[in-house]
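J.: what follows is a predicted protein model with its sequence.
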Amino acid sequence: MTTPEFVISTMKEMDAKYFTIHDTNFRLVYHQWQNVSIEESIKRFKNFCENAATNSIFNVGVYTSNLRLKNGEPKEEGLTFEIQIPNKIEASQERKQMGMGNPYDITGFAGDLYQAGTKGAIDLQTYLASKDEIMRLNMEIQQLKMENRYLTDKTSSEIDRIRREYDDKLSSDKKIEGVIGAVLPHLGIGASTLGLSGINGIATNVEQEVMTTKDKVINAVNVLVKNDPNFATNIEKLAKLAVEKPAIYAMAVQQLNSL
């Protein structure tokens with residue numbers, strides 16, 4: 001980074017009367033391509049620096065030729081300088097040494113804002129602070145995005161787990177209800193027994209008996225399903241045996257009860 005005075009001295013040495021000025025976002029804010037005298041060119045450069053915001057930063061390109069490409073870029077490579085506009089006190093002293101006047105009496109924070117808005121520049125401290133703040137906010141945004149993605153994935157996995165458990169339980173309950181529907185009539189508990197409800201509290205006892213029997217059947221079926229891979233086939237054969245060959249079924253039950 002250098003000073004405006006060094007750029008001016010370089011322009012004098014090289015007789016470079018053409019220049020461009022870009023802000024920190026590399027946007028063109030001023031240029032001098034007219035074929036004027038070196039004195040007039042330096043005067044225009046001084047006038048820009050004089051009215052730029054304090055401590056603002058610019059990139060200055062200096063050229064000895066005004067030949068340009070079709071896109072407006074200079075054909076000559078030229079020299080590039082990064083300058084910082086000095087503060088008010090230093091600028092006043094330097095203007096006296098350089099013979100520079102100040103046609104605008106714009107000072108203070110309001111003046112800086114006005115100059116920044118009209119010249120496309122920003123105060124150095126404001127620029128650095130804003131840059132750090134933007135970086136901090138971007139990091140927070142990325143962190144929040146990661147946390148949101150993690151919570152979304154976790155919630156989705158939990159929903160899938162609950163759905164699988166529900167489906168498994170529903171399938172198991174349907175199988176057990178089918179078994180209970182086939183077994184209860186053989187235990188002497190069925191629709192005819194349930195028809196006693198409403199007579200001197202008998203219904204309550206019957207319902208309790210049904211629920212107790214149902215719990216036993218459910219527990220037994222769960223154990224058999226877990227330990228007998230052919231449980232469905234075996235229980236189906238057993239039910240068929242009870243209907244078609246009740247004597248053999250009774251013998252099988254008696255044998256089980258004797259164990």
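T.: Perfect, I can see it now.

J.: hmm, who's touching stretch 73-84?
T.: For stretch 73-84, the surrounding residues in contact (Cβ atoms under 8 Å, 6 or more residues apart in numbering) are 1-4, 6-7, 10, 14, 16, 18, 20, 49, 55-69, 124. Using the backbone N, CA and C atoms, a C-beta is placed for each residue, glycine as well.

J.: which parts of it are buried?
T.: Within stretch 73-84, the residues that qualify as buried are 74, 76, 78, 79, 81, 83, 84, counting by 16 or more other Cβ atoms under 10 Å.

J.: make CSV out of these and add distance to residue 37 and pLDDT.
T.: Below are these laid out as CSV (distance: Cβ to Cβ, whole Å; pLDDT from 0 to 100):
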residue, distance to residue 37, pLDDT
74, 20, 90
76, 19, 89
78, 19, 88
79, 20, 91
81, 21, 93
83, 22, 92
84, 27, 88
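
J.: identify the farthest-apart pair in those.
T.: Farthest apart among those by Cβ to Cβ are 76 and 84. That separation is 25.1 Å.

J.: would you map the strands across the stretch 1-150 of the chain?
T.: 18-22, 28-32, 57-63, 79-84 (DSSP state E, counting those that start in this stretch).

J.: given the second one, what are its sheet partners and their directions?
T.: Listed by DSSP bridges, the sheet partners of strand 28-32 and their directions read strand 18-22 (antiparallel).

J.: ok, and what's touching the strand it pairs with?
T.: Under the contact criterion Cβ under 8 Å, 6+ apart, strand 18-22 has outside partners 7, 11, 28-33, 41, 45, 48, 58-66, 74.

J.: and the buried residues of stretch 73-84 as TSV, adding distance to residue 229?
T.: Formatted as TSV, these follow (distance: Cβ to Cβ, whole Å):
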residue	distance to residue 229
74	85
76	88
78	86
79	87
81	85
83	85
84	83
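
J.: for the stretch 151-259 of the chain, which spans come out with low pLDDT?
T.: Within the stretch 151-259 of the chain, the segments meeting pLDDT under 70 span 169-211.
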